[in-house]
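Trainee: turn this into a model:
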Amino acid sequence: MKRYPAFDPPEYVDWTPDPEVIQAFGEVFARDSERKACIERLSRERLLALYEGMVRFRLHDIALKRWVRQGVITKAWLGTGEEATTVGPVHALQRRGSQGDVVGPMIRNAGACHEMGMPLADMLRGYLATGDSPTRGRDLHVGGAEHGIVAPISAVGGLAPVMAGYGLAFRVQGEPRVALTWVGDGATKSGEVHEALNFAAVQRLPVVYVIQNNQVALGTFLEQHHAAPDFDGWVKMYGAAGASFDGNNVLDAYAAARWAVDRCRSGEGPVFLTANTFRMGGHATHDEREAREMFSPEVFAAWGQRDPLGCYEEWLVQAPINLTTGVRAEPGEAAEANRAALAESEARVNAEIEAATEEALASQAHSMPKPEDAVDGVYGEWLEDAVGWPAPFY
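Mentor: Okay, the predicted model is just below:
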C-alpha cells in the first residue's frame, strides 16, 4: 500500500517487511488447527475483502487527518494500527443490514461502520455535522439500524450493556442473530462493563465482547490499572467461553471471531475475546505528541514493524492462492499476480475515499442543519406531544 509521509505514523512511511515478523504472522493462526482450517477455506474474494476493508479504514483515517491539517475539522479519533481488530471480527458476522448481526463500535472502530455497509460519505458527514449526516448534525458518533450498527457513545464501554440487551432480544424473539462490541482495556474497569459481562454470561446471551487492549487508556498505562498479566482470566471469572487473538493479524482476528460467532449462534454464548494491539497515535489528533512521549521510540518501532496492513499485504503476496484467478498455488508462486491484484484493490478503495470526501464536503454547501432542527425528533419533544409534559431543555 502507498504510504503517506504527511499523515502516516513515521514507522509506517518507510515500512519494509521483516522476515521474522512475517513468518510469525503466518504461524500465529497455524498453531490452532481450527483457526488454520478456517483460514485455509477462505476464498480469493474473502481474502481481498479483508484487505480492502483495512485499506478503506486506513484511508478513511488519513482523510480525517488531512481535514484536521487543513482546518476543516478540529480533531479526529483514529484507529491507525488497530485496523485488524475491527475488520476481522466484522467480516465474521452475517452482514445483512437490519436483518443481520449487530455491531456496537467504539469511535476508533469506525471501520466497522463502512464494513457493515454504511456509506463512507455518511461517516465523513458525521464529522462535518451536516444536516444530511446520519445524526443530522447532532453528533459525530454515527450508526444506523438499517446497517446493523448501534452508534457509539463517548464513554467507552457504555455499549456493553446495550449489546447485552440486543442479545437478550435476539434470544427472546428466537432469532439466530449475534451482537458484537469492543471494550477498551481501560473501560473494563467501569461498573457498567462488569454488569454487562456478568449478565450476558449468566443469561447465556449471543454476544461477542472483544476486549481491545491497546496498552493505554487515554494517559494511563495498562499496568497502572490492571494488575494481572493479561485478560485471559476474565473468562473463568465470568464463567463464559473465551479466547485471545493477535490484534494486528486480521486472519487470526477473523478466525477467532468466526469461532465465537458460531458458538453464540448455536446458543453457547457469550464469548469474550481478547485482542492485544497498539494505537499508533494519540487519544485523538490533538495529543499525538504527548502520546509519543508516553512510550519509548523502541515500543513504537516494534509495533510499527507489525503494521497490520503491511504484514497482511506481504502474507497475501506469498499466499498459496492466485488472487486474480482464485486458483490454488504453491506459496510464492503467484507473487507477481497477487501484487497486481492488491494494487488494483487499493486503487479501487482509494477512488471510493476520494469520491466520498468530495460528496461529504459538498454537503457543507447545501445541507447544513437549521437551528430549529435541534429539537426535532428528540425525547423531550416526543414526551411533550405524547403526554403534555413540558420539555425543560427547550
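Trainee: where exactly do the strands run in the stretch 251-394 of the chain?
Mentor: Per DSSP state E, counting those that start in this stretch, the stretch 251-394 of the chain carries strands over the ranges 271-276.
Trainee: residue ranges with poor pLDDT in it?
Mentor: Counting by pLDDT under 70, the stretch 251-394 of the chain shows low-confidence ranges at 379-394.
Trainee: mind running it again at 90?
Mentor: Applying pLDDT under 90 to the predicted model, the residue ranges of the stretch 251-394 of the chain that meet it are 281-295, 365, 369-394.
Trainee: now do the helices in it.
Mentor: Shown for the stretch 251-394 of the chain, the helices assigned by DSSP state H, counting those that start in this stretch span residues 288-294, 297-305, 308-317, 335-366, 379-387.
Trainee: show me what contacts Ala49?
Mentor: Listed by C-beta atoms under 8 Å, 6 or more residues apart in numbering, the contact partners of Ala49 are His91. C-betas here are computed from N, CA, C, even on glycine.
Trainee: report the buried residues of the strand or helix carrying it.
Mentor: With elements delineated by DSSP states H and E, Ala49 resides in helix 44-70, which encompasses its position. Neighbour-count burial for helix 44-70, with 16 or more other C-beta atoms under 10 Å as criterion, is recorded at 44, 47-48, 50-68.
Trainee: doesn't Val87 belong to a helix?
Mentor: Yes - the assignment for Val87 by DSSP: H, G, I helix; E, B strand; the rest coil puts it in a helix.
Trainee: find the nearest non-adjacent residue to it, please.
Mentor: Gly53 (4.1 Å; C-beta to C-beta, 6 or more residues apart in numbering).
Trainee: count of neighbours near the closest residue to Arg69 other than its chain neighbours?
Mentor: With sequence-adjacent residues excluded and distances taken as C-beta to C-beta, 6+ apart, Arg69 is closest to Ala6, at 7.4 Å. Close neighbours of Ala6, defined as other C-beta atoms under 10 Å, add up to 9.
Trainee: repeat for Arg171
Mentor: 18.
Trainee: then it would be within a helix, right?
Mentor: Yes - following the definition three-state DSSP, Arg171 is counted among the residues of a helix.
Trainee: for Pro320, give me its contacts.
Mentor: When contacts are counted by C-beta under 8 Å, 6+ apart, Pro320 touches Arg328, Ala329, Glu330, Pro331, Glu333.
Trainee: cutoff 7 Å now
Mentor: In this structure, Pro320 makes contact with Arg328, Ala329, Glu330, Pro331, judged by C-beta atoms under 7 Å, 6 or more residues apart in numbering.
Trainee: for burial, what's the neighbour tally of Ile73?
Mentor: Ile73 has 18 neighbours, counted by other C-beta under 10 Å.
Trainee: to clarify, my last question referred to Ala260.
Mentor: Summarising burial for Ala260: neighbours were counted as other C-beta under 10 Å, giving 28.
Trainee: circling back: wait, the residue nearest to Val87 sits on Gly117?
Mentor: No - contact criterion C-beta atoms under 7 Å: Gly53 and Gly117 do not qualify, at 11.8 Å.
Trainee: residues near the residue nearest to Lys36 when sequence neighbours are not counted, how many?
Mentor: With C-beta to C-beta, 6+ apart as the measure, Ala30 is the residue that lies nearest to Lys36, at 5.1 Å, once sequence neighbours are left out. A count of neighbours around Ala30, defined by other C-beta under 10 Å, yields 12.
Trainee: thank you, goodbye.
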